[in-house]
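**Q** Give me the fold of what follows.
(chains A and B)
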Amino acid sequence: MNTVFSLKDFVFLLAGLKWTILLSAIAFTGGGIVGLIVAVARTAQSAWLRRVMIFYIGVFQGTPLLMQLFVVYYGLGLIGIQVPAWAAVTLAFTLNASAFLGDIWRGAIQALPRGQTEAATALGLPMVSRLRDVILPQALRIAQPATVGYAVQLIKGTSLAAIVGFIELARAGQIVSNQIFAPILVFGVVGAIYFVLCWPLSFYSARLEAKFAASR
Amino acid sequence: MTNDSTSSVATEQPLILMEAVEKWYGDFQALKSVNLSVRKGEKIVLCGPSGSGKSTLIRCINHLEAYQKGRIVVDGVSVTDNHKAIDIVRQEVGMVFQSFNLFPHMTVLQNCMLAPIRVRGTSKSEAEATARRYLDRVHIGNQADKYPAQLSGGQQQRVAIARALCMQPKVMLFDEPTSALDPEMVKEVLDTMIGLAQDGMTMICVTHEMGFARQVADRVIFMADGQILEEAHPEIFFKSPQHPRAKQFLGEILAHH
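**A** Modelled structure (predicted):
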């Protein structure tokens, strides 16, 4: 049994990193698409629709992601619906991320001056154009720091997928650490990899912010 | 003071008709049985103390506000809760707001091209040509590629006027278009509006610019507490207002001038 951190161990961590990136991409894409719908429905004119969305956001923000993963993976299995692990993870992450992103974007939509919607309405723009051309481009710009902040959280949160069997970066680190009994070293490397993944996002976001601020 | 070229084509049917329109915000009645008829080419100035319902009145015309009772007809189309009818009316009614409401993430040119492309299905090249024509007309053609935040308030408001004109509306509604402007910029916006009036545009203007009203309006309408209390030619209205509220109002605003 080896007790030094070898190249083979590092490659094993990188294989875990691949899953972390893939899970993050799935969660952010799925959560982004559904989150847009959540944000729009949450600010819709229909009071009924708004209330449904408040409930949706409340449920998925108010319960642990770990529990949501459990319910989707094992819970559906218990009632006879067998879901493959990747499908369960996709569904749970999408639902969870959509609640957070939807609420972030809801706030940004509501932060826009009312006059923006009114001017778009008075020009006769149909609802889709009001959203796509006027409201969302401005709202997403306002929400950009919070969105990137959430994306960084999400990357780290994908480690929870380990409970349904994914060997992503954190789980890979745990396995390597157990083999070579060097937790500080291994988790130091794991932490550094997470940092290399997340820091450019934060950096790029700050640059975008500066660029938008200049064009204002 | 009616423009001969426009009155010759004017039909019997008014361009805007409001009949017994009533509006409530909860328990508060914002409009009380408002009747108003505007012919093609007419220029109306709406004035009155704040909270009198002037803005609410014009915002009902393009259904930015719903009303509960009565009837509004714009160019033969009834403004009801029917979405199709509202869409048609909004295409024919241009609106200029106190706070400009330009889209800050778009250039001046893009602001002017958006609605013709999305609503009328105009081609990009045609929309751009139209936008440049109207921007030239409000003397801001050389700023077409700037963003709204790079312009002064007066310039922004002129862009807002051009943006509304690009839809080639039949009526223009102005909701206190100069109230948010620094004093030195009021004139450039009023001059633009006067030019528009001289070209025969049908206009309803909520404004306290009494010089503008004198020069341009066919009728001045005075409102208070959600009601139209007086309706007269500007010369008559300013010289001898009839209603005591109108006398009081004129006394207050003319004291500042």
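**Q** For the residue most central in space within chain B, which residues are in contact?
**A** When C-alpha atoms, centre = their mean is applied to chain B, the residue found nearest the centroid is B:Leu173 (1.6 Å). With contact taken as C-beta atoms under 8 Å, 6 or more residues apart in numbering or on different chains, B:Leu173 is in contact with B:Ile58, B:Ile61, B:Asn62, B:Val93, B:Gly94, B:Met95, B:Val96, B:Met203, B:Ile204, B:Cys205. Every C-beta, even on glycine, is put in place using the N, C-alpha and C of the backbone.
**Q** pull the helix or strand with minimum mean pLDDT from the chain.
**A** Picked chain A for this. The least trusted helix or strand in chain A, going by mean pLDDT, DSSP states H and E, turns out to be helix A:76-78, with a mean of 86.
**Q** next structured bit after that helix?
**A** Using DSSP states H and E, the helix or strand that follows helix A:76-78 in sequence is helix A:85-111.
**Q** Downstream of that following helix, the next helix or strand is which one?
**A** Counting by DSSP H and E, what follows helix A:85-111 is helix A:114-122.
**Q** Now do the buried residues in the helix or strand just after that next one.
**A** As assigned by DSSP H and E, the chain's next helix or strand after helix A:114-122 is helix A:127-129. Neighbour-count burial for helix A:127-129 flags A:Ser129 (criterion: 16 or more other C-beta atoms under 10 Å in any protein chain shown).
**Q** list the helices and strands helix A:127-129 packs on?
**A** For helix A:127-129, the packing partners by 3 or more C-beta pairs under 8 Å, 6 or more residues apart in numbering or on different chains; DSSP states H and E come out as helix B:108-120.
**Q** again, only using 7 Å
**A** Packing partners of helix A:127-129 (3 or more C-beta pairs under 7 Å, 6 or more residues apart in numbering or on different chains; DSSP states H and E): none among the helices and strands.
**Q** Verify the stated contact: B:Tyr147 with B:Thr107.
**A** Yes. Using C-beta atoms under 7 Å, B:Tyr147 and B:Thr107 qualify as a contacting pair, with a distance of 5.9 Å.
**Q** Narrow the contacts of B:Leu173 to those in strands?
**A** In this view, these that belong to strands under DSSP state E are B:Val93, B:Gly94, B:Met95, B:Val96, B:Met203, B:Ile204, B:Cys205.
**Q** Secondary structure element for residue 136, which one?
**A** Reading this off chain A. Using DSSP H and E, A:Leu136 falls in helix A:136-157.
**Q** try chain B instead
**A** With DSSP H and E as the test, B:Asp136 turns up in helix B:124-137.
**Q** Show the average pLDDT along the helix or strand following that helix.
**A** Downstream of helix B:124-137, the first helix or strand assigned by DSSP H and E is helix B:153-165. Averaged across helix B:153-165, the pLDDT comes to 97.
**Q** Give me the buried positions along helix B:153-165.
**A** Within helix B:153-165, the residues that count as buried by 16+ other C-beta under 10 Å are B:153-165.
**Q** Which neighbours in the sheet does the next helix or strand after it have, and how are they oriented?
**A** Once helix B:153-165 ends, the next helix or strand along the chain (criterion: DSSP H and E) is strand B:171-175. Here strand B:171-175 is paired, per DSSP bridges, with strand B:93-96 (parallel), strand B:202-206 (parallel).
**Q** Grab the nearest non-local neighbour of A:Val4.
**A** Spatial nearest neighbour of A:Val4, chain neighbours left out: A:Ile180 (6.6 Å); criterion: C-beta to C-beta, 6 or more residues apart in numbering or on different chains.
**Q** how about low-confidence regions in chain A?
**A** By pLDDT under 70, the weakly predicted segments of chain A are A:1-2, A:214-216.
**Q** Spell out which parts of it neighbour chain B.
**A** Residues of chain A lying close to chain B by C-beta under 7 Å from any C-beta of the partner chain are A:115-116, A:118-119, A:121-125, A:129, A:133-134, A:137-138, A:141, A:215-216.
**Q** Just the buried subset of the residues you listed, please.
**A** For those, a neighbour count by 16+ other C-beta under 10 Å gives the buried set as A:116, A:118-119, A:121-125, A:129, A:133-134, A:138, A:141.
**Q** Can you pick out the most distant pair from those residues?
**A** Largest separation among these by C-beta to C-beta: A:Gly124 and A:Arg141, giving 24.6 Å.
**Q** related to what we said a few turns ago, of the contacts of B:Leu173, closest to chain A?
**A** Chain A has its nearest neighbour among the contacts of B:Leu173 in B:Met95, at 4.1 Å by C-beta to the nearest C-beta.
**Q** which residues pair with that closest one across the strands?
**A** Taking DSSP bridges as the rule, B:Met95 bridges to B:Leu173.
**Q** State the number of residues packed around it.
**A** For B:Met95, the count of nearby residues is 27 (other C-beta atoms under 10 Å in any protein chain shown).
**Q** And for B:Lys84?
**A** By the criterion of other C-beta under 10 Å, B:Lys84 has 9 neighbours.
**Q** Can you give the contact residues for whichever strand or helix holds it?
**A** Secondary structure from DSSP H and E places B:Lys84 in helix B:83-92. Residues outside helix B:83-92 that contact it (C-beta atoms under 7 Å, 6 or more residues apart in numbering or on different chains): A:122, A:124, B:62-63, B:74-75, B:77-79, B:119, B:167, B:169-171.
**Q** Are any of these buried, and if so which?
**A** Buried subset of the contacts of helix B:83-92 (neighbour count, 16+ other C-beta under 10 Å): A:122, A:124, B:62-63, B:74-75, B:77, B:79, B:119, B:167, B:169-171.
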